[in-house]
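Asker: Here is a sequence together with a model predicted from it:
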Amino acid sequence: MTTQSLAPLFDDSRVDALSQQLTTIFNSSALSLMVSIGHRTRLFDVLSLLPPSRSDQVAHAAGLQERYVREWLNVMVVGKILDYSASDKTYSLPPEHAVLLTRAAASPTNMAAIAQYIPVIASAEDQIVQCFAEGNGVPPSELHRFYKVVAEDNAQRAVAALEDHILPLVPNLLEDLRLGIDVLDIGCGRGYVLNKLAMLFPNSQFIGYDLNEDAIATAIHRAQSQQLHNVHFQVRDTARLEEIETYNLITSFDAMQDQATPAQLLRNIYNALRPDGVYLMQEIHAASDVSGNLNHPLAPLLYTVSCMHSMTTSPAATTSPVATTSPTADDLELVTGREKASELLREAGFTHIEIKQLPHDVVNDYYIVCK
């Protein structure tokens, strides 16, 4: 028997299958960019309020240039997002699609904001290619608008679901908040969550920590504009949290993977909680090993954001010497997963860890953690 006869047969069907898959990927990638533009220009919002309309009518209603609007409308038609009537050359947004694409939906079902992640992370592609060769990181400032997009995404998914879905996951928490407790939010960003909580529960006291000075300034401005006196924000490194048994509730929303020393932070959170306190942690719904995420509906997007943001902008990557940086055991990626997150929580001293999901939320897990 010759060596050639032992070689695996070349399977043409696999070539055809991948060719079709790549064609779908390229078309979908292009549509992601245009969905992002439709969201940012509010074209979806305008279309949801109009009857079937010509491109000039849509442009006039949106206050935009007709030439660009017309080309965008045509992309949406061939992408099967808008309906088009060839007889009178009018475009329309089906109400079933409007639920997923407009701010009027203002709920976890509104997915248009998510499309912004693609152009935002792609803006740093050149620097990230360099990271592959040299191992260094990318300063967060290079990913223009990323944190603004994150804030908008969290405001939609977390804030809109707080009172009716997220808080009820913790037994008796709503009643405790109404009576009055002390709450800390780690990585509070622009303060959307805390300001909403402060408005809903005036008897409770809220404090938010974040390293981003611009985000904290925005959070403070929003609190002042709403005349909220029970919420306070500070620029602070949460890895150096030193409070002891101070809070009844500590929360974090998609913040753990951005920490330079997550294990240390979790130990600090353990120490800062009162004996009967609760840590409510929202993190990405995923398994820690890639084999457990093969059927995750958003796995390619999540791993891409992890590679092009979470890994490259982590403090460990951006401060380590060029060509010597590698993820440490304490470094987390966006897709940390339940197993690794649970391990870190147990190592921090927590003994009761319950992981829950919401029916409408395929993105997040909610960890209810107690001492």
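Answerer: Perfect, thanks for sending it. Numbers count the residues shown, from 1 in each chain.

Asker: Check which residues of the lengthiest helix in the chain are buried.
Answerer: Criterion DSSP state H: the longest helix present in the chain is helix 12-40. Buried positions in helix 12-40, judged by neighbour count with 16 or more other CB atoms under 10 Å: 31, 32, 34, 35, 36, 37, 38, 39, 40. For glycine as for every other residue, the C-beta is placed from the backbone atoms N, C-alpha and C.

Asker: from the residues you listed, which single one is nearest residue 103?
Answerer: Lowest distance from residue 103 to those (CB to CB) belongs to residue 39, with 8.3 Å.

Asker: Pretty sure the closest one sits against residue 114.
Answerer: No. Residue 39 is beyond contact range of residue 114, at 9.1 Å (criterion: CB atoms under 8 Å).

Asker: circling back to that earlier point, which single one of the buried residues of helix 12-40 is nearest to residue 135?
Answerer: residue 32 (28.8 Å).

Asker: which SS state does the closest residue to that closest one other than its chain neighbours fall under?
Answerer: Spatial nearest neighbour of residue 32, excluding adjacent residues (CB to CB, 6 or more residues apart in numbering): residue 118 at 4.4 Å. Put simply, residue 118 is helix when judged by DSSP: H, G, I helix; E, B strand; the rest coil.

Asker: And the strands in the stretch 251-371 of the chain?
Answerer: For the stretch 251-371 of the chain, applying DSSP state E, counting those that start in this stretch gives strands covering 273-284, 352-356, 364-370.

Asker: In CSV, list these along with distance to residue 91, mean pLDDT and mean neighbour count.
Answerer: Listed next are these as CSV, based on distance: least, CB to CB, whole Å; pLDDT from 0 to 100; neighbours: other CB atoms under 10 Å:
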stretch, distance to residue 91, mean pLDDT, mean neighbour count
strand 273-284, 36, 96, 20
strand 352-356, 42, 97, 13
strand 364-370, 34, 96, 20
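
Asker: Any idea which of the ones you listed gets closest to residue 62?
Answerer: strand 364-370 (32.6 Å).

Asker: Tabulate the strands of the stretch 251-371 of the chain (CSV), appending distance to residue 132.
Answerer: As requested, the strands of the stretch 251-371 of the chain are arranged in CSV below (distance: least, CB to CB, whole Å):
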stretch, distance to residue 132
strand 273-284, 23
strand 352-356, 33
strand 364-370, 29
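
Asker: follow-up on the earlier one: need the contact list for the residue nearest to residue 32.
Answerer: Each residue near residue 118 by CB atoms under 8 Å, 6 or more residues apart in numbering is listed here: 29, 32, 33, 36.

Asker: in the stretch 101-250 of the chain, what spans have low per-residue confidence?
Answerer: Along the stretch 101-250 of the chain, the parts satisfying pLDDT under 70 run over 105-109.

Asker: residue ranges for the helices of it, please.
Answerer: All helices of the stretch 101-250 of the chain, identified by DSSP state H, counting those that start in this stretch, fall at 117-122, 125-134, 146-154, 173-179, 192-200, 213-225.

Asker: How far off centre is the third one?
Answerer: It stands for helix 146-154. Relative to its chain's centre, helix 146-154 lies at 7 Å (CA atoms, centre = their mean, to the nearest Å).

Asker: tell me the angle it makes with helix 213-225.
Answerer: Interaxial angle, helix 146-154 versus helix 213-225 (axes from the mean of the first three to the mean of the last three CA atoms, to 10 degrees): 40 degrees.

Asker: Need the residues that contact helix 146-154.
Answerer: By CB under 8 Å, 6+ apart, the surrounding residues in contact with helix 146-154 are 113-114, 116-117, 120-121, 140, 189-190, 192-193, 212, 215, 253-254, 309.
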